[in-house]
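Novice: Build me a structure from this.
(chains A, B, C and D)
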Number of protein chains: 2
Amino acid sequence: MIVVPTPAGRPRYHQVADELRRRIRAGALPPGAPLPSESSLMQEFTASRGTVRQSVALLRSEGHVITEKGRGTYVRPVLPKRRLGADRYASAPSTPSTPPSPSAPPSPSAPSTRDGRGTSFTLDQRIEWSAYQLDRSFDEVPADEATADLFGVEPGTPLLRRHFVFRAHGVPQQLSTSSYVLDTVRDTPVADPANEPWPGGNIAQLRSLGIRVTGVRELVRSRMPTADEAATLHIPAGVPVVTITRQMFAGDRVVEVANDIVIPGDRVELDYWIAVA
Amino acid sequence: MIVVPTPAGRPRYHQVADELRRRIRAGALPPGAPLPSESSLMQEFTASRGTVRQSVALLRSEGHVITEKGRGTYVRPVLPKRRLGADRYASAPSTPSTPPSPSAPPSPSAPSTRDGRGTSFTLDQRIEWSAYQLDRSFDEVPADEATADLFGVEPGTPLLRRHFVFRAHGVPQQLSTSSYVLDTVRDTPVADPANEPWPGGNIAQLRSLGIRVTGVRELVRSRMPTADEAATLHIPAGVPVVTITRQMFAGDRVVEVANDIVIPGDRVELDYWIAVA
DNA sequence: CAGTGGTCTAGACCACGCT
DNA sequence: GCGTGGTCTAGACCACTGT
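Specialist: This next block holds a predicted model:
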C-alpha cells in the first residue's frame, strides 16, 4: 500500500491531536463532551484507525480526555479541587465554616485558580469528619531505613503502622500510611482501629496521649500513580498524584510520620503560608 | 526464550509490561539500563511489534522508562531533586550553607526520600544565584481576572508581567510568570530586565522599593505538562509538573503575584513547615 | 442489535545514532 | 550500513454499552 507522506512534516497523528486540542481549548468540545468516534475521525482526517487511536492516546496521556469502554472518549471534566490548608491541623475540631487558624495568612480572598489549560474553578471544599468513609489496616512493623530517618530513631524500632483509604461522598480521595513509635501508643485507644476515624485526626489522637503537636513538616512531590494507586483511587490516564511525606513534631521530637500520603492531582490543591522574617 | 506464564484474560501487552516492571523493581534493570530492543521483546514474548510497542508506551506513560530516538529505551534515571524550602524566602542572600531561617522547623535531619517506585535519594541542593541562567521577557499588561483576584485589585489594572525560564547548570529548572502592579515599579530598577537575576530575588527587589514582604502564600497543584512546557523544560513522557501560584504579602497587601510557577515533577520537592496552635 | 473502543497481527517505509 | 525506535496501513476478532 502507498504510505501517504506527512504534509507539514508533522506526523499525521500529531496533526489530528493538534486539531482536537484546538477544539477543546476553543470550547467547541467543552468538558464532558464526547470526542468524535474513531470511525468519524478516520474519515475526517483520512487516516487509518491505528493513527487515529494514536492521537487519542496522546490526548489521554496529556490529561485532556478520558476514555470509557464501549461508550466513547470524552473531554476530561474539571473536578472541583479539595483545598488543603494549614487549618486542617488547627486544634479545634473542624466545622464547615470555622474561621482561619491563628497562624493563617491575612485572610487572602480565595483565588480562582487556573489549571493551565482553560476552564477552571476551585471549590474551598471542606469535608466534615462525618462524611468520611475509611478503610484501614493496622500492623506492627520494624522501622525501615527511610521511616526511621524521618522519626530520628534506629532502623528496626517497632512501629504501629496504619494504612488508610479515605473516601468522601463515595469518591476515593487519598491513601495514607502513617506510623507511631509503638512504645508510645501500645495498649491505648489510639492503637485500636475501631476508633478510626478519630475526630480531630492524628493531632487529637496524640493529644489524648498527652502529646502536644507543635508543628508539622510536609515534603511535597509529584509523580505518576502506580497501577495499584490508579485502581484504588480511580485515577484516569494522564493524571498524576501528589505525595506528601509528613512529620508531626512535639517540640524537637518527631511523634508521627506519614510516609507517603497519596492524593490524585486533579482533585487537590495544597495551600501553604510562609512567614518571612 | 523465556516463556511468561499466561494469566488468562490479561492482555498480552500488559503481561509484557508487568514483566518489565518486575525486572525494573527487582533491580535486574537498574536506572539508566537499556530495555531489550523491540525485536528482542517480540521474540521473547512471541508478540507482534505493535503489541510490544504498546507495552513500552505504557511503561513510558507511567514514568518508568524514557525512549531516545535511534538509540533505545532506558529505565528512567532518578534525578536528584531540588528541595525548595521556606529558607529560599529568607531575607539574607543565600549562601551554600546558611543556617535555617528563624521560622524553620526544629532542624529535622534531611530525610532520605522515596519516590514510591524503588531506588531513590534526595539531594539538598542549593543553587547559588550565580549558577542561574535566565531567559526573561517583560511586558505591561492589564490584569486578567485571575491575577486581579490574587492581587485584590480591579481587573484591567496595569501590571508589569515578567516571564522567566530558569536554568541551572544548563538544565531547565522552572518557568515562572510573575507580576507587580505597574504603579509600584514604574521607572525603577526593578522594571529593567537587565537587572535580572536580582540577588535575593523578588523579596530583595521589593525591599529596594521600601516594601517589606512579611509572608508568602503558595498554592500547589500538579498536572501533566502542556506540549510547550514539556519542550521548554525537557520533560519526558510520564513526568508531571508541579505548579505554584504564589502571592507575596506586605502585611495585608498583596505585592507580588506569580501566576504559575511550573516545575518538572521529577526534579523538585517542596518543603513546608506548619506551626500548630 | 449496532456502535464504541480494546487488542492483535503482518507488513512497510522512514529518521535517527552509532561505528 | 546496521540497529534502533517512529509512523502508517489494512484487516481481524473481541468486550463492552447502549437500544
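
Novice: Now the terminal residues of stretch A:45-54, how far apart.
Specialist: Between the start and the finish of stretch A:45-54 there is a gap of 13 Å, counting by C-alpha to C-alpha, to the nearest Å.

Novice: For it, buried residues please.
Specialist: A:45, A:47, A:51-52, A:54 (16 or more other C-beta atoms under 10 Å in any protein chain shown). (C-beta placed from N, C-alpha, C; glycine too.)

Novice: What separation is there between A:Pro142 and A:Val181?
Specialist: For A:Pro142, the distance to A:Val181 equals 11 Å [C-beta to C-beta, to the nearest Å].

Novice: Which neighbours do those two have in common?
Specialist: Residues touching both A:Pro142 and A:Val181 (C-beta atoms under 8 Å, 6 or more residues apart in numbering or on different chains): A:157-159.

Novice: re earlier: have a look at A:Pro142 and A:Val181 and say which one is more surrounded.
Specialist: A:Val181 (19 against 14; other C-beta atoms under 10 Å in any protein chain shown).

Novice: how far away is the more buried one from A:Ala148?
Specialist: 10 Å.

Novice: Run a quick neighbour tally on A:Pro155.
Specialist: 13.

Novice: for it, what are its contacts?
Specialist: Contacts of A:Pro155 (C-beta under 8 Å, 6+ apart): A:142-145, A:148.

Novice: Out of the residues you listed, which comes closest to B:Pro193?
Specialist: A:Glu145 (47.0 Å; C-beta to C-beta).

Novice: Looking at the closest one now. What's its pLDDT?
Specialist: At A:Glu145, the model reports a pLDDT of 94.

Novice: Kindly tell me how buried it is, as a neighbour count.
Specialist: Count around A:Glu145 with other C-beta under 10 Å applied: 11.

Novice: got the phi/psi numbers for it?
Specialist: phi -60, psi -40 (degrees, to the nearest 10).

Novice: A:Gly210 and B:Arg12, how far apart?
Specialist: In terms of C-beta to C-beta, A:Gly210 sits 58 Å off from B:Arg12.

Novice: Compare neighbour counts for the two and give me the winner.
Specialist: B:Arg12 (17 against 8).

Novice: can you narrow the contacts of A:Pro155 to ones near chain B?
Specialist: Of the residues in the contacts of A:Pro155, proximity to chain B by C-beta under 8 Å from any C-beta of the partner chain holds for A:Glu145.

Novice: Tell me which of the contacts of A:Pro155 fall in helices.
Specialist: A:145, A:148 (DSSP state H).

Novice: Which pair in the contacts of A:Pro155 has the greatest spatial separation?
Specialist: Those two in the contacts of A:Pro155 that are separated most widely, counting by C-beta to C-beta, are A:Pro142 and A:Glu145, at 10.5 Å.

Novice: so what's A:Gly238 up against?
Specialist: A:60-66, A:76, B:224.

Novice: just those now: which is nearest A:Met248?
Specialist: B:Met224 (31.8 Å).

Novice: Not counting sequence-adjacent ones, nearest residue to the closest one?
Specialist: A:Gly63 (4.3 Å; C-beta to C-beta, 6 or more residues apart in numbering or on different chains).

Novice: can you pull the pLDDT of that neighbour?
Specialist: 96.

Novice: Pretty sure it sits against A:Val239.
Specialist: Yes: if you go by C-beta atoms under 8 Å, A:Gly63 and A:Val239 touch, sitting 5.7 Å apart.

Novice: Are there residues contacting both of these two? Which ones?
Specialist: With C-beta under 8 Å, 6+ apart, A:Gly63 and A:Val239 have common neighbours A:266, B:223-224.

Novice: So which of the residues you listed would count as near DNA strand D as well?
Specialist: By C-beta under 7 Å from any atom of the strand, no member of the shared contacts of A:Gly63 and A:Val239 lies near DNA strand D.

Novice: Out of the residues you listed, flag the one nearest to A:Ala277.
Specialist: Nearest member of the shared contacts of A:Gly63 and A:Val239 to A:Ala277, counting by C-beta to C-beta, is B:Arg223, at 32.4 Å.

Novice: And for the residue of the stretch 151-277 of chain A found nearest DNA strand D, the neighbour number?
Specialist: Of all residues in the stretch 151-277 of chain A, the one sitting closest to DNA strand D is A:His234 (14.1 Å; C-beta to the nearest atom of the strand). Here the number of neighbours of A:His234 (other C-beta under 10 Å) works out to 11.

Novice: mind listing which of the contacts of A:Gly238 are in helices?
Specialist: Counting by DSSP H, the part of the contacts of A:Gly238 found in helices is A:60-61.

Novice: Just confirm A:Glu44 is within a strand.
Specialist: No: A:Glu44: not assigned to a strand; according to DSSP: H, G, I helix; E, B strand; the rest coil it is helix.

Novice: Grab the nearest non-local neighbour of it.
Specialist: A:Pro36 (6.8 Å).

Novice: quick one: the one you found from A:Pro77, how far?
Specialist: In terms of C-beta to C-beta, A:Pro36 sits 18 Å off from A:Pro77.

Novice: who's more crowded, those two?
Specialist: Regarding A:Pro36 and A:Pro77, a neighbour count based on other C-beta under 10 Å identifies A:Pro36 as having more, with 18 against 13.

Novice: List of residues touching the lowest-mean-pLDDT helix or strand in chain A?
Specialist: Lowest by mean pLDDT, DSSP states H and E among the helices and strands of chain A is strand A:132-142, with a mean of 86. Residues outside strand A:132-142 that contact it (C-beta under 8 Å, 6+ apart): A:155-168, A:170, A:182, A:191, A:193, A:196-197.

Novice: Can you select the buried ones from those in PyMOL?
Specialist: If you want just the buried ones from these in PyMOL, going by 16+ other C-beta under 10 Å, the selection is:
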select buried, chain A and resi 157+159+160+161+162+164+165+166+168+182+191+196
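
Novice: From the contacts of strand A:132-142, which land in helices?
Specialist: Those of these lying in helices (DSSP H): A:Leu182.

Novice: Wondering if the longest helix along chain A reaches DNA strand C at all.
Specialist: Looking across chain A with DSSP H, the single longest helix is helix A:12-26. No: if you take C-beta under 7 Å from any atom of the strand as the test, helix A:12-26 misses DNA strand C, and the best it gets is 11.5 Å.

Novice: Determine if any part of that helix is in contact with DNA strand D.
Specialist: Yes: Helix A:12-26 is in contact with DNA strand D by C-beta under 7 Å from any atom of the strand, via A:12-14.

Novice: Now do the buried residues in that helix.
Specialist: Those would be A:12-17, A:20-21, A:23-24, for helix A:12-26 by 16+ other C-beta under 10 Å.

Novice: rewinding a little: how about the shared contacts of A:Pro142 and A:Val181 in a markdown table, adding distance to DNA strand D?
Specialist: Listed next are the shared contacts of A:Pro142 and A:Val181 as a markdown table, based on distance: C-beta to the nearest atom of the strand, whole Å:
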| residue | distance to DNA strand D |
| --- | --- |
| A:Thr157 | 45 |
| A:Pro158 | 45 |
| A:Leu159 | 41 |
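
Novice: Now for the residue nearest to A:Pro240 when sequence neighbours are not counted, how many residues are close by?
Specialist: Closest residue in space to A:Pro240, ignoring its immediate chain neighbours: B:Pro240 at 3.4 Å, by C-beta to C-beta, 6+ apart. Neighbourhood size, B:Pro240 [other C-beta under 10 Å]: 25.

Novice: And for A:Glu154?
Specialist: A:Glu154, neighbours per other C-beta under 10 Å, totals 9.
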